[in-house]
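*Asks:* Coordinates for the following, if possible.
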Amino acid sequence: MKTLLCTCFALATLCVNATAFADEHKHGQKHGHKHKMAEDVKAFHQVLSPLWHSAKAERAGKACAQSDALLNAAAQIKSQSAEQLTQALQTFKSTCQDKPEQADQAFSKAHDAFHHLIGH
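*Replies:* Sure, this is the predicted structure:
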């Protein structure tokens, strides 16, 4: 009987923990990314995230308007090399000016460069 109670308690604990893990995973997917980042990378992410998560129809225009802020935030990253990210952002800014119809694709590449920076 004692073994049965211990087994039931262990299973209940496992179920509660599994549910909490699943809920956190869903929350991370719905409300942003759960990554461990250095403070300078986190500061960049705070500029990037609201732009990236804008409605798709508005995203490129909003991001183009903030291209200098994105470049400035990327320039503040000193904890690791942000060269690839900076290059993608410079290309994005040029695309906004020269070929605005392709800005969303260029912004997507900059977003991908950020994920490469953080190892995703």
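*Asks:* residue contacts, residue 48?
*Replies:* When the contact criterion is C-beta atoms under 8 Å, 6 or more residues apart in numbering, the partners of residue 48 are 70, 73, 111, 114. C-beta here means a position set from N, CA and C on the backbone, and glycine is covered the same way.
*Asks:* Pull the contacting residues for the second one.
*Replies:* Contacts here follow C-beta under 8 Å, 6+ apart; on that basis residue 73 touches 43-44, 46-48.
*Asks:* Name the next helix or strand following the helix or strand where residue 62 lies along the chain.
*Replies:* Applying DSSP states H and E as the criterion places residue 62 in helix 56-65. Once the chain leaves helix 56-65, the next helix or strand it forms, by DSSP H and E, is helix 67-75.
*Asks:* Buried residues, that next one. List them.
*Replies:* For helix 67-75, the buried set under the neighbour-count rule, 16 or more other C-beta atoms under 10 Å, comprises 67, 70-71, 73-74.
*Asks:* Of those, which is the nearest to residue 84?
*Replies:* Using C-beta to C-beta, residue 74 comes nearest to residue 84 of the buried residues of helix 67-75, at 10.1 Å.
*Asks:* Distance check, the spatially closest residue to residue 44 that is not a sequence neighbour against residue 85.
*Replies:* Setting aside the residues directly before and after it, residue 44 is nearest to residue 73 in space (C-beta to C-beta, 6 or more residues apart in numbering), at 4.3 Å. Noted for residue 73: a distance of 10 Å to residue 85, by C-beta to C-beta, to the nearest Å.
*Asks:* Which neighbours do the two have in common?
*Replies:* With C-beta under 8 Å, 6+ apart as the test, residue 73 and residue 85 both reach residue 44.
*Asks:* downstream neighbour of the worst-scoring helix or strand of the chain on mean pLDDT in the secondary structure list?
*Replies:* Counting by mean pLDDT, DSSP states H and E, the chain has its least confident helix or strand at helix 2-31, which shows a mean of 42. On the C-terminal side of helix 2-31, the nearest following helix or strand under DSSP H and E is helix 39-52.
*Asks:* For this protein, which residues score under the pLDDT cut-off?
*Replies:* 1-35 (pLDDT under 70).
*Asks:* re earlier: what's the offset of the helix holding residue 62 from the middle of its chain?
*Replies:* 16 Å (C-alpha atoms, centre = their mean, to the nearest Å).
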